[in-house]
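# Generate a structure from the sequence data that follows.
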Amino acid sequence: MNPSPYPSLAPSSIFPPMPKPLWHPPISVIWIATCLIVFAGAVANRISPSVRTLFTTPAGFFGTTLAALVCLKFDAIPLGFAILFLLLSVWAVQQFQGNEGFLDASNTVDWVTNSKRWYVEKVLKERPMGVQEKEVSTYPVQG
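Prediction:
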């Protein structure tokens, strides 16, 4: 009987031989994880705010950066950069989560046409796109 080239698969009287895996993915697990993390970073605005807050706290930021550096150290360079991309994306979404401006053109925006422009806007040749508040409060000038 020829010796087995794999000692763990050698027949033994106590343990039966280990079966070989039926299927290996054609892509490395690191690349699969990298693609999933990049996808999560691309849609970071859809991640729940509580999870985004975990990433942007100092401990979460430090831990995520440390995980990326460990991946870079152990030659999982794409995975490390994907983690940093996710962290940057989540941080950018957290920074720009205010409700200012005309980012969401919902039904509260009144689109400005030529008939709705103020005299000052006509004189200064301003071209506003939309007004978010229809009621304007004015106060007399003291002085």
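
# Give me the pLDDT for the closest residue to residue 54 other than its chain neighbours.
Distances taken as CB to CB, 6 or more residues apart in numbering put residue 60 closest to residue 54, at 4.8 Å, once the chain neighbours are dropped. Yep, even glycine has a C-beta here, placed from its N, CA and C like the rest. Note for residue 60: predicted pLDDT of 93.

# burial count for residue 60?
Residue 60 has 16 neighbouring residues, counting by other CB atoms under 10 Å.

# Distance check, it against residue 38.
Distance, residue 60 to residue 38, by CB to CB, to the nearest Å: 19 Å.

# related to what we said a few turns ago, so which other helices or strands are in contact with the strand or helix carrying the residue nearest to residue 54?
Element membership for residue 60 (DSSP states H and E) is helix 58-73. Applying 3 or more CB pairs under 8 Å, 6 or more residues apart in numbering; DSSP states H and E, one finds that helix 58-73 contacts helix 49-56, helix 77-95.

# Redo those helices as CSV? Include distance to residue 67.
Formatted as CSV, the helices and strands packed on helix 58-73 follow (distance: least, CB to CB, whole Å):
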stretch, distance to residue 67
helix 49-56, 11
helix 77-95, 6
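
# who wins for proximity to residue 33 among those?
Closest to residue 33 of these is helix 77-95 (CB to CB; 6.0 Å).

# By neighbour count, which bits of the closest one are buried? Give me those.
If you call a residue buried by 16 or more other CB atoms under 10 Å, then helix 77-95 has these buried ones: 78-87, 89-91, 93-94.

# on that earlier part again, if you average pLDDT over each of the helices and strands packed on helix 58-73, which is lowest?
Among the helices and strands packed on helix 58-73, helix 49-56 has the lowest mean pLDDT, at a mean of 90.
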